[in-house]
Structures are given as structure tokens and as C-alpha cells.
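Colleague: I need the structure of the sequence given here:
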Amino acid sequence: MRIEIWDGVTRRMSIPMWMVPKGAIFRECWETDNEIIIIGCPEDDDESHNCDVMGCSSVSHVIYRFKKEGLKEAT
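Modeller: Model (predicted):
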């Protein structure tokens, strides 16, 4: 099973389920010039989530931060 990221028309990328933290909820996806950032909520007792490392703000959590360099477009 995979989670797919779409831009409304085109599938941009797929994330294998084994890479998704158990209990994580995805809220939105942002694209910058060099990154794709997925915002959401980690499970309350997820000790592996580190806000300082991921760059979370006071109002949202970064679940994934992908560098575009080296990413293949999903087909």
C-alpha cells in the first residue's frame, strides 16, 4: 500500500506505507523550490518524532521533509 501526493491533476510522488509513522495523520503538503514538506500530526506517544530536527512550528508538525534532488516523478 502507498500514500500518493497529487497536485490536483498529476501524481507527484508515492510514499510506501512502511515509511509512514504509525498513527500519523497527514494534513497538507507544501512544495518549495527544493523540498516537499508534509504537515500533519504524529501519534501522541511517538518518541521518534523530534520537532527541533524536523523544523516544526508552534502550530503544526512536519511529518516528512523530502529533498527534490534525486526524487523521481511518480508515473
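Colleague: state the helix or strand in which Asp52 lies.
Modeller: Element membership for Asp52, per DSSP states H and E: helix 51-54.
Colleague: what is that helix packed up against?
Modeller: Judged by 3 or more Cβ pairs under 8 Å, 6 or more residues apart in numbering; DSSP states H and E, helix 51-54 is in contact with strand 61-67. Using the backbone N, CA and C atoms, a C-beta is placed for each residue, glycine as well.
Colleague: His61: how many residues sit nearby?
Modeller: A count of neighbours around His61, defined by other Cβ atoms under 10 Å, yields 19.
Colleague: typo on my end, it should be Ile38
Modeller: When neighbours are defined as other Cβ under 10 Å, Ile38 has 21 of them.
Colleague: change the start of the numbering to 47 and stick with it
Modeller: With 47 as the first residue, the last one maps to Ile84.
Colleague: show me what contacts it?
Modeller: 51, 72, 74-76, 108-112 (Cβ atoms under 8 Å, 6 or more residues apart in numbering).
Colleague: which among those count as buried?
Modeller: 51, 75, 108-110, 112 (16 or more other Cβ atoms under 10 Å).
Colleague: which of the residues you listed sit farthest apart?
Modeller: The widest separation within the buried ones among the contacts of Ile84, taken as Cβ to Cβ, falls between Ile51 and Val108 and amounts to 14.5 Å.
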